[in-house]
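Trainee: just coords:
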């Protein structure tokens, strides 16, 4: 034992917050503020809008706590409110969704690569983000939720406002379209290389 008091479980914090304990809700906010911001950022595409959406969502979630079902998972419920606020803010601002490089940096994490490995990883990341940018908005969103934010299927369903089975099918279709884009980009790269070689040799091509 290190003499430190044990931290309350999430369920206890939620119940205390439902009974009006502001400190308990502040603890929940601190715990979830990063994932709330990331979820909003995937939708809005800008840090400022994501921060505003997350803050508004936390205020609305606090007001809605009396309607929260005791014993239900808190995180999916919160993320659904965050996602709704982010979508409202994006529509109000008239901005198009963009999957930013920051999302990939969040997903990378961990060990520092060698210079050679780092250069290769950066090149692959650029290819991936380029292919993602060519997808439809709903495809980009479901891929970002699963692989950049690492949300569970239940959390994705809550944030997207659909059934878990729908999440699975949407993700599968989005990944198929992403593979098609990456395959097309790889093929284009081979054609470009062959064309450059032919140019250097003075041979006709195309």
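Mentor: Thanks, I have it. Computed from a predicted structure; not experimentally measured. Numbers count the residues shown, from 1 in each chain.

Trainee: Residue 175 is in contact with residue 143, isn't it?
Mentor: Yes: with contact defined as CB atoms under 8 Å, residue 175 and residue 143 form a contacting pair (7.0 Å). In this view, the C-beta of every residue, glycine as well, is placed from N, C-alpha and C.

Trainee: out of the two, which sits in the busier spot?
Mentor: residue 143 (22 against 15; other CB atoms under 10 Å).

Trainee: Now do that one against residue 12, distance only.
Mentor: 35 Å (CB to CB, to the nearest Å).

Trainee: One more: residue 151?
Mentor: Distance, residue 151 to residue 12, using CB to CB: 24 Å.

Trainee: One more: residue 53?
Mentor: 28 Å.

Trainee: out of the two, which sits in the busier spot?
Mentor: When neighbours are counted by other CB under 10 Å, residue 53 and residue 12 differ, and residue 53 comes out ahead with 28 against 12.

Trainee: which residues are contacting the strand or helix carrying the more buried one?
Mentor: Using DSSP states H and E, residue 53 maps to helix 47-64. Outside helix 47-64, the residues that touch it by CB atoms under 8 Å, 6 or more residues apart in numbering are 17, 25, 29, 33, 36-41, 43-44, 77-78, 81-82, 84-86, 88-90, 93, 95.

Trainee: Which of those residues fall within helices?
Mentor: 17, 25, 29, 33, 36-41, 43-44, 77-78, 81-82, 84-86, 88-90, 93 (DSSP state H).

Trainee: Only whichever of the residues you listed are buried, select them in ChimeraX.
Mentor: One line in ChimeraX is enough to select the buried ones among those; burial here means 16 or more other CB atoms under 10 Å:
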select :17,25,29,36,37,38,39,40,41,43,44,77,78,81,82,84,85,86,89,90
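
Trainee: Point to the helix or strand of this structure where mean pLDDT is at its lowest.
Mentor: helix 101-108 (a mean of 44; mean pLDDT, DSSP states H and E).

Trainee: got a list of what residue 152 touches?
Mentor: Residues in contact with residue 152 (CB under 8 Å, 6+ apart) are residue 76.

Trainee: do the same with the one 5 residues further on
Mentor: Residues touching residue 157, when contacts are defined by CB under 8 Å, 6+ apart, comprise 76, 163, 164, 166, 167.

Trainee: shaky segments in the protein?
Mentor: Scanning the chain for pLDDT under 70 picks out 1-7, 92-123, 125, 185-206.

Trainee: Could you rerun that using 80?
Mentor: Residues of the chain meeting the criterion pLDDT under 80: 1-8, 45, 90-130, 132-133, 137, 148, 184-206.

Trainee: need the contact list for residue 25.
Mentor: Residue 25 neighbours (CB under 8 Å, 6+ apart): 13, 17, 62, 65.

Trainee: out of these, which one sits closest to residue 72?
Mentor: Checking those against residue 72 by CB to CB gives residue 65 as the nearest, at 11.7 Å.

Trainee: distance of the nearest residue to residue 78 once chain neighbours are set aside from residue 163?
Mentor: Nearest residue to residue 78 in three dimensions, chain neighbours excluded: residue 61, at 5.5 Å (CB to CB, 6 or more residues apart in numbering). Distance, residue 61 to residue 163, by CB to CB: 22 Å.

Trainee: When those two are compared, which one has more neighbours?
Mentor: residue 61 (24 against 11).
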